[in-house]
Structure formats: C-alpha cells, structure tokens
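Chemist: predicted model, plus sequence, below.
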Amino acid sequence: MERRRILWKMSLDFLSFHSERNARHGPVFTQEPSDSVFPLRSEDNKVFINCKAKGNPVPHYKWKVDGRYIDMDLNYNLVEGNLLINHPHATHHGGVYQCIATNVFGTIVSREAKVQFAYFVMSLAQVSLPLSMPTILCGRCLCSSPAEIKYSWVFNGRPSFLLQDTRRFVSQRTGNLYIAKVEASDVGNYTCVVRNMMTNATAYSSPTPVELRRDAVMGEYEPKIEVQFPESLHVTKGTSVKLECFALGNPVPSITWRRTDGNPLPGKIKINHSNGVLEIPYFRPEDAGVYECVAENSRGKNVAKGQLVFQNVHMAIEANLQWECKASGKPKPVYRWLKNGEPLVPEDRILVEGGRLAVPRINLLDSGMYQCLAENEHGAIYASAELKVVASSPDFSSSPVKKSMLIQRGGEVIMECRPHASPRASISWRRGGEFLKDSTRRTIMGDGTLRISNISESDGGRYTCVARNPFGTSSSTGTLVVKEPTKITVPPLSVDATVGESIVLPCEVSGDSSLDPTFKWFFNGKLIDFNRQDHFEMIGGSAGDLMVRNIQLKHSGKYVCMVHTVVDSVSAAAHLIVRGPPGAPEGLIVGEITDSTAQLSWESGPDNHSPVTTYSIQARTPFSIGWQAVRTVPDSVPGQMFHATVIDLNPWVDYEFRVVASNNVGVGEPSMQSKQIRTKAAVQPMGRDKNCYNLCSQILQSGEEFGYVVAFRPLGTSTWKQTVLASPDASRYTFRNDSVPPLSQFEVKVGVYNNKGEGPSSHVVVVYSAEEEPSEPPSRVWTRTLSASEIEVYWEPITQTASSWKIIGYEVLCWEEGMQESDAEMVRVTDTAALLSGLKGSTVYLISVRAQNSAGAGPSSPAVNVTTKKPPPSQPPGNIEWNLTNSKIFLSWEHVKAMGNESEVTGYKVLYRQNWLGKTSVVETNRTSMALQVPSGEDYLIEIKALSDGGDGSSSGPIRIPKMSSKRELFLSFTIHRIHFWYNRFKVSRVPSTKFCLITMNPTGTMCLLMSVFVFFRS
C-alpha cells in the first residue's frame, strides 16, 4: 500500500530562557515512537518501540494502543520508557501506539505511531536523461520513518553502497537519490536499499536503469534547492538536530551553512562530506536561531533558511501568554491544544483560535505541559512546551549594583539596576536619603538604568537602587568616586630621522595621583611587543617614553602612545619619517650596442625621503672579479637623469650592467642586473696586453675565430719560423727537432688574430731549448735513526756525466713497508742530506733518492730499509716538588718508567723561562733532581720532560714559580700532584688536614691547581 507523505512545519513563538542544568522542569521528549514496519518473522521474536523523555524529577511512563491504556502483562513490558512487545502477533499487536510521560510539573503525550507487521514493497521506474541533466531517483516503500529507516543506493550491483559527494546525495527524509549533474559515468542500474534500524531487516528494490540521451545536452543554470529543512523547527534541550539541504545545478553547486545573526557556527556542529546535512548534537538554548543553507555555482546562488526554536519558557506571573502553532499539510490540518495530556477547553481567560493560544494575566495555576496537535486524514503531529509561571519579590543577589565605580571628571557613568523579580519591578534611585529625579544631566531610563553625564566632583557619593513589586521591596547600593582626568602633558612629536640613528618619542602624563597609568605604544595600528622587538624600548621610569634604536626604513609610520587608567584612556600620535639611502633603480634596459659602448636607461626607485643626487653604473663579465665601476657619458650621472652611455668596453665580450643610486644619506641597493649582452667585434684585437703570449683571455680577443701566431728563430739569425694555433684556449706550443742541441738559445714572439685581421705581437723574448733529465740515480744512500719520529738520509752527489746540465736538487721519497712507492711522501732538498720528521715510532720505512734538473727528475735509487726507534715515554714526570730560597730553585720529581713499547728513559730535560713570553733555557740531567740559579724579582715558568732514544717524552706542563720579595726572604715548598685548568682569578681555600690549596693564574687564562701545598713565610 502506498502512503502519502506530508511535510509538517510547526513553530511556537514564545520567550526562551536559559535554565540551569539542574533546574527542575517538566518532561520533554528526547525520543518519540514512530511509524514502524516489523517483519512477521523476527529472529528474537520481540518488538521494541522507543520512547524517552527528560525531566526533573524523572518522568514516569504509560502507553496507549488504539486509545486504550496498556496493562503491563506477559506480552508488554516497560524498559525505562520504551515499550517491549514479546511474541508479537500481527492481529493482536498491530495498531496506533502513544507514549505518555508525567512528573510533578505536568504530562505530555507523544505523537501517535502506527505499528504494522508486513514486508517491504518498493518500485522504481526507468529513467532516460540527457548529459548534464540533474535527476532524482525516488524509492517508494510501504512505510517509512526517518528515525527508524536508513536509505542507501547500490550502483550496478556493486557490493558497496553508492558514495555521496557534492554531486550525489541520498535524503534520509525522503529516501530519494539526488544527482546534481548527470555525467556519462552515471549510466547504469540503480537499486534502492531500505534497512529497518530496529530489526536490521533489509529490503531491495528492483534495479532501475538510467540511460543517456544523445539528442540533447543541458546548458548551465543556477542552483535549484530540491531538499530543504522546515522553515521553523522546535527543538528540546539535549536532543540532536539534523538539517538536510541539497541543490541541483550545472556546474555542480557548492553547499555552505551559516547563521543569519552573523555568529559563527558552534564548534560541535557536524557537516557530512557533501555538506548536505548539518547536525547539531546536544541542542542548547544558545544554538537557537535562523540557519541558512547557501547553494552557489558560477551561474548564481539560492538560499534556504529555517528557524530552530528552543522549547522551554519561564514567564512572570500576570504576564500575557501568546503562543502560535503552525503546520502545513494537504488537506489543511486542524489544531487542538492539550494541557498535561488533556484537551484544553476555551473559557473566559483562555482563548483558542486555530493554532493560536492566548492566556492573559497568567497565574501559578497556568503552569504545566502544553502541546499543540495538528492533524489531517494522513496523521497527526505534536509540538510540546513547558510553561513555568514565576512569582518572586525583587532580588539583587545575582546582579547587585556595582559596589564601586570610578569615573573621570567630565565623563559619563551608567549605573545598571537589574534585580530578578516576577512580575517586573518598578525602579527608583536615591543618593544618600534623597530620591533622584530626571534632570539635564541625570536620566533614569526605562530599564531602570541611571545615567549621569558631565560628571563633577559634587556627583561623588553613595547611590541606591530601590526595586518594588507586589511581592516586596529590595535595594542595592554602590559608590561613585570622581577622579581627575588623565592628560598627556608631553606628547610625542613628528620627527625625521636617518637610518642607523636612535630617537626618543616622549609621552608624559598628569592626572589623579591615586591612579596608576599604564602605557602602551602602537606602530601603524599594531601593539608593540617589547619582548620581541629589538629596536623598541620603553624608557623614562614614571613616563612612557619610547626609544627607537638603530632606526631602519621599515620603522617609518605612525606611532601612538596610549595611556590607560581604571577610569579613562587617552592617546597621542606622531609620525616618524626615516631618511635612508635610495632604493634600487628599476626597469633597467640596454639599448644601442657598439664594440666599445652601450646605451642604458632606467627608472628611479624610491628615494626614501632623500632625493637621489647621482647614479653610478657597474658592469660584470665572465672574466671580472665581481661588479666593477665603468666609465660613462656623462662622467657623473645626475639624479634627475635616467639614461647614460657606458664607454671603454672591450669588443666581443659578454656584459651585464646594473645601476646604483646615491643620495645625501648614502649609497643604495643596486638595481636588478640587465640581460647579458655582447659587444660587437672590433677590426683587430685591442692588444692592451702585449705579453699575453701564454693565454689571451676572451676579454682581449675582440672577435670570433681568435687564435695565436707563434714565431721563433735561433738567436743571431734573421729568418722567423711561424705556426698558427687556431684554438683561443691554446697556451703552449712545442717545437721538436732532435738536431737542436740542449740549451740552445732562441728568440720567440707570439701574435694574435681574429676574423677581422691580425693584432699586435708580444715582445721578443729569449728562451733555451730543453735539457735532458738525469740518467742515473744518486749512489751510496745510507740512513741514521735519530728518534721515534726522525731519520737522517745521506747520499753521494750525482756525477756531471749523468746529466747534461746542472743538478738543481734532489727528491727524497719515504714510504712505510707494505705500501706502494706511489704513496710515498716527498721532501725536496738542494744538499746531499735530508731530515725526515713526523714519522711513526717502531715502524719500518723504505727510503729512495733521485736527482732533479730543469728538465725533470731522474731515476730513483734502490730503496733502503730503516726502522724508527721506539716512541718516547708517554707518562710525564710526576710528584714534582720545588723549593725557592734566595735566587735558587730546587726541583725534584719521580722517575718516569717507560712502557714495554716505549724507549727507556736516559735522562731529563728541564725548560725554564721568565713569564710566558721570555726566552726558554734548557738544562739536561740524568738525575731526578736539580737546582737552578735564577735572578730574584721575576716569576718563572718551568717544564720537565723525560729524555729517551725515541725523543722527548710528555711534558709535566708549565709550573709557575712566584717571584721573591726583595725586602724579605721567602721560603716556599710545594708538592704538585695534578694540574687543572680554570678561569682568571686567584683563590685560596681550606682543604682537609689543615692543608691549603693554592690556585694561581697565568697570563693566558690557564690556572694550575696545586694540591698538598705547604706555605712558610719568614721575615
């Protein structure tokens, strides 16, 4: 059976009130029973009908079926407010069910819900559409309810449901599938799927094909909203609201949501992927308002709006109640009103006219739960509201008059008086014992607020608001304190400054001494954060002067000093103009180009408040080091001229140019470089460098097809031999003739040419033909090991017959055993001996020597083996003791024991000097003590090292011996156990066993920590 659908739109116009979370109130449905269809055979053989209400106290429930109260028995059970039917039977348990909720504030009845036992019947028709045509696929079922039924669609029998997006939308209110713009990919079969959320039963429609018409194409058009929410919807506290909105259109419309009052949407709001559903969970009074759905594309936009009304009301006794209930349907619905679940009968005080309810001068007996019922032949719907009639005397406990009000002289004060009272209280004001009346400066406004303008000192004092209603009188008092206004006596003044300078903008105030002013500075409208601004600093103590340090161009602008007190705010502004070097010139263009000149033009950049005086031009080539100034015509380009000719350029060279502006402040940033250009080729190379016979750079080539002409002849002859080197990169020419004796003299000159002709030649120089390398290695190579890191190498000089010319030196090669000669370290010497240092201890090295002349190196001598000595001791001398008396220093230390892989100790080396920069003296000994004769009156630094065949061992580190006084004999004894490093200071501190720790300072900041120190002084 097909059931007609009707869209109900209901609204109640009443005063909403924010209630406390735990306030007592009548029942409010959060879930009502709905029309449902249950399969005849259910797995659990139970039917569950929802009903839930909120209230304080908690409501209790009753149920009706077909107008009769249900007695709870084996078949019916209450689960909280829900009705459970066990072993349902289609004949006995089908019917119209209604839930009744009651607490001490009244009773409400739910909407009627028809419960049937049947199966789903669905039908769809074939659809043929042109491309871009919007479409709606409508599924019809035996019974539907948004709270109990979920609609989905399947495309071409795929296992997953059709995904919704901005183009496709499934309405859970109608079940229809909406496609905003049909595309070729939409052609196929569509199946509607309906699932009962209570029983999880699912039904499928027959597949419906969508075909594409080839004879028409839809054009673009503005959005048309097909799915929209009611114009007015009453929502109870704590419930969830879902608003649907979807539009057809080409291009596909975008859907956005907003509140008409301009407030942002609550953060808890949920919007689905297609933006077609807006959900507000846990509805609160502040969520009430008018919501808009905006559908928009490039062709236009359309708007749907509706009001969400919060359904609780508190009204004062003797107020006039007027409610209106509106519903739409076909046929037109009729209205009935219920109070506490019972019909409301019109009488003298109660007027019922259609959907309107009016009750003048309400009293406490009018409190209760009210419901408007709208019905036609297709069904009935309910709208519920609670009426609380409040009667109370005036009460200031939650909103007293402000206890203390500070106001500046000449200002205006507004004293609010807002007691809680029902009915509304009448308000009067008194100052001291005198009641106030309206005057030119004093006004008592309609809501009880007292306003006093042009305040004087005489207005100060205690003010009392008195509130009266039939249930009592109450008052609240506050004190008005008049203060002198704050004035800026030294305001900031506009000023000019130059980049890099520092200035102070003053801001001094006068005012009431009891007020503590707060200074704030704003720069170009933004508050200055002194913690994050390096250039700004607040100075001046009680004043609020602003210092701007190291001023930059970015600091130009408007500065505002704002002074706040608890009673007033004043401000003063000044402008800072920063003069700086000019900005970069713009729009640089290279015009006419010759072989040595280029025409340039440009536009001026910002002058930064100081006119440009001159422009200079810089150029760069691939061969120059950075940018270099070039000559121009005119020689000095004035600031009013924006063009110049660059002269003295090299032919056939790539150039980039840039322009730099200057003013009285300084030199500005350069312009962007020009595009790279190439000067024209010259008739011949410029020849500025006559000695470029090794390699002439491109900057001197002056044209294409550049090359060199090499001419040479034996010294004393007249005929030149010439050869041409066509490569501009050529830098070397070799002439080979085996008949030429070594070291023969020749005259040589090098010329240049390009495609324009030959250029000048270089000066004539005399060169020698090459000699031959030595043919024999040095003989009798022997070595001597000096230490773990040094070896001396000796050899016999090479004979003159082994070389056709003078031997200029020798190369000594040294490499570790096991390595290749190619990895050898090389030392060049001119003598027949060499010292090799930096070697490893206990290591076998191979040594080879070869002779060298101007032609190169000869063959290497046979390698000889040599082993370095063991490394010196790594342990420094320890437990150093020293005694200072008269002009002698007595030293002693512990003997150093060498490790197994170290050279044995053969003695010790003592190094001493005056201060850090004095000349070092060295004394060697084979004992572990010695005495040094030194002059008195100077500090000494001493180091001790162990001696061994492997070299000097580790140093003890510098020991500072303080100078002796010339007026008294000083005897000091120290034992040094360890050395630390510290910073620059002197400290004596107590250590255990009555010993002292002396820390001394050396000139480089290194400190020596001397432990177990004994100090004796004797006159």
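Modeler: That came through, no problem.

Chemist: just the pLDDT at the closest residue in space to residue 854 that isn't next to it in sequence, thanks.
Modeler: Once flanking residues are discounted, residue 854 sits nearest to residue 771: 6.0 Å by C-beta to C-beta, 6 or more residues apart in numbering. Bear in mind the C-beta positions are built from the backbone N, C-alpha and C, glycine included. Residue 771 is assigned 75 on the pLDDT scale.

Chemist: equivalent analysis for the one 3 residues further on, please.
Modeler: At residue 774, the predicted lDDT confidence score is 83.

Chemist: from what I can see it touches residue 849, true?
Modeler: No - when contacts are counted by C-beta atoms under 8 Å, residue 774 is not listed as touching residue 849 (11.4 Å).

Chemist: hang on, the residue nearest to residue 854 packs against residue 852?
Modeler: No - look at residue 771 against residue 852 with C-beta under 8 Å: they stay out of range, at 11.7 Å.

Chemist: thinking again about what came up before, tally of neighbours for the residue nearest to residue 854?
Modeler: As a burial measure, the neighbour count of residue 771 was computed by other C-beta atoms under 10 Å and equals 17.

Chemist: and the helices in this structure, which stretches?
Modeler: In chain order, the chain shows helices spanning 90-93, with DSSP state H as the criterion.

Chemist: so what's the residue nearest the centre of it up against?
Modeler: Among the residues of the chain, residue 532 comes closest to the average C-alpha position under C-alpha atoms, centre = their mean, at 16.2 Å. Residues touching residue 532, when contacts are defined by C-beta atoms under 8 Å, 6 or more residues apart in numbering, are absent altogether.

Chemist: measure the residue nearest to residue 854 to residue 810 for me?
Modeler: Between residue 771 and residue 810 the distance is 17 Å, computed by C-beta to C-beta, to the nearest Å.

Chemist: which secondary structure element of the chain has the lowest mean pLDDT?
Modeler: The helix or strand of the chain with the lowest confidence, counting by mean pLDDT, DSSP states H and E, is strand 987-991 at a mean of 33.

Chemist: what stretches of the stretch 551-700 of the chain score poorly on pLDDT?
Modeler: Low-confidence regions of the stretch 551-700 of the chain, defined here as pLDDT under 70, cover residues 683-700.

Chemist: now do the strands in it.
Modeler: Listed in chain order, the strands of the stretch 551-700 of the chain (DSSP state E, counting those that start in this stretch) span residues 557-564, 569-579, 586-593, 598-603, 612-620, 628-629, 632-633, 637-638, 643-646, 654-663, 667-670, 677-678.

Chemist: direction included, what does the longest one pair against?
Modeler: Partner strands and pairing direction for strand 569-579 (DSSP bridges) are strand 495-498 (parallel), strand 557-564 (antiparallel).

Chemist: ok, residues contacting that strand?
Modeler: 485-488, 491-499, 503, 505, 507, 509, 548, 551-553, 555-563, 608-610, 665.

Chemist: now swap in the third one and tell me
Modeler: With contact meaning C-beta under 8 Å, 6+ apart, strand 586-593 is reached by 598-605, 657-659, 671-675, 677-680.

Chemist: from these, which would you call buried?
Modeler: Neighbour-count burial (16 or more other C-beta atoms under 10 Å) applied to the contacts of strand 586-593 gives 598, 600, 602, 604, 605, 657, 658, 659, 671, 673, 674, 679.

Chemist: the third one and residue 670, how far apart?
Modeler: Computed with C-beta to C-beta, the distance linking residue 602 and residue 670 is 11 Å.
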